[in-house]
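In: For reference, the sequence and a predicted model appear below.
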Amino acid sequence: MRAITTLTLFSVVIAVHSFAPCQQSPVHNARLTTATAATALSASPFDVFSILKEGKVGIAKSLAGDYDEDAVKRKLDNLVKKNPVLMLSFTTCRYCAKAKQLLDEKSAKYTVIEIDKEEDGKALRAVMGSQFGRTSVPAIWIKGTYIGGFNDGPSSEFNGLNSLNMKGELDGMLKYVPKTKHTTPR
C-alpha cells in the first residue's frame, strides 16, 4: 500500500510539473530529473513530503520563467534589510489578510509586497523557495528574521505570526518596530 501511495503522490508531482511552463534557458531550468524519480520510488513516506516540497519549489521556478536569480536574491535581501517587518503576500490570500489584520492590531509598521501584482513576483517566490524551501504566502520577516507565514514557520522557534502571538512572543519581536500602518513600496 505504501508503494502505491508513494507512486501516486510522485505521479501527481510529475503530472503537475509536466503541465507547468518551463523555459529551456541557461539562466534557470527547474525540470525534474530521472534521479528525482528514482529517489521518489525508493522513498519512505516521510521522504515523500520532502520530494513534494522540492516539486513545489520546482513548479515555482518553472512558472517564474527566465530570471536573473542573483538579482532577485539581492532584491529580496535588500527588502528584508531595509524593512523592519516585510511580508510577501497575494492580494487574494485569506491568511495574508489575517496576517495584515494582526499586524494592524499591533500597530506595527510593515511593508507588503503583493507578489501577484509585481512584475518579478513569480521570481521572488521561486527565490524564496530556493532559500527557505517554502513557496507559500504570507512569508514574513521581522527585523531580518524569517518567521514563516501566519500559522506555520521554518522551525519550532519561529513558527508563524499567529503562533508567535499566541505564545506571547510577538510583542517582544515587534518592540523596536515603528508603530504605524503598513506601506506598499513603489
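Out: Now that the structure is in, tell me what you want to look at. Residues are numbered from 1 along each chain as shown.
In: So in this protein, where's the weakest helix or strand by average pLDDT?
Out: Within the chain, judged by mean pLDDT, DSSP states H and E, the helix or strand with the poorest mean is helix 34-41; its value is a mean of 41.
In: which residues in the chain form helices?
Out: 2-19, 34-41, 45-64, 69-82, 94-105, 121-132, 161-166, 170-173 (DSSP state H).
In: tally of neighbours for the closest residue to residue 106 other than its chain neighbours?
Out: Leaving aside its sequence neighbours, residue 106 sits nearest to residue 174 (CB to CB, 6 or more residues apart in numbering; 5.7 Å). C-beta here means a position set from N, CA and C on the backbone, and glycine is covered the same way. By other CB atoms under 10 Å, 22 other residues sit near residue 174.
In: I figured residue 174 was touching residue 140, is that so?
Out: No: using CB atoms under 8 Å, residue 174 is not in contact with residue 140, being 11.4 Å away.
In: Overlap in contacts, those two.
Out: residue 85 (CB atoms under 8 Å, 6 or more residues apart in numbering).
In: before we move on, back to that, of the helices of the chain, which shows the lowest average pLDDT?
Out: Lowest mean pLDDT within the helices of the chain: helix 34-41, at a mean of 41.
In: what bridges to residue 85?
Out: residue 142 (DSSP bridges).
In: Burial check on it, number of neighbours?
Out: 22.
In: Now do it against residue 110, distance only.
Out: For residue 85, the distance to residue 110 equals 4 Å [CB to CB, to the nearest Å].
In: Overlap of the contact sets of the two?
Out: Joint contacts of residue 85 and residue 110 (CB under 8 Å, 6+ apart) are 103, 177.
In: What lies in contact with stretch 97-106?
Out: Applying CB under 8 Å, 6+ apart, the external contacts of stretch 97-106 come out as 85, 87, 89, 110, 112, 138, 140, 149-150, 161-162, 165, 170-171, 174, 181-182.
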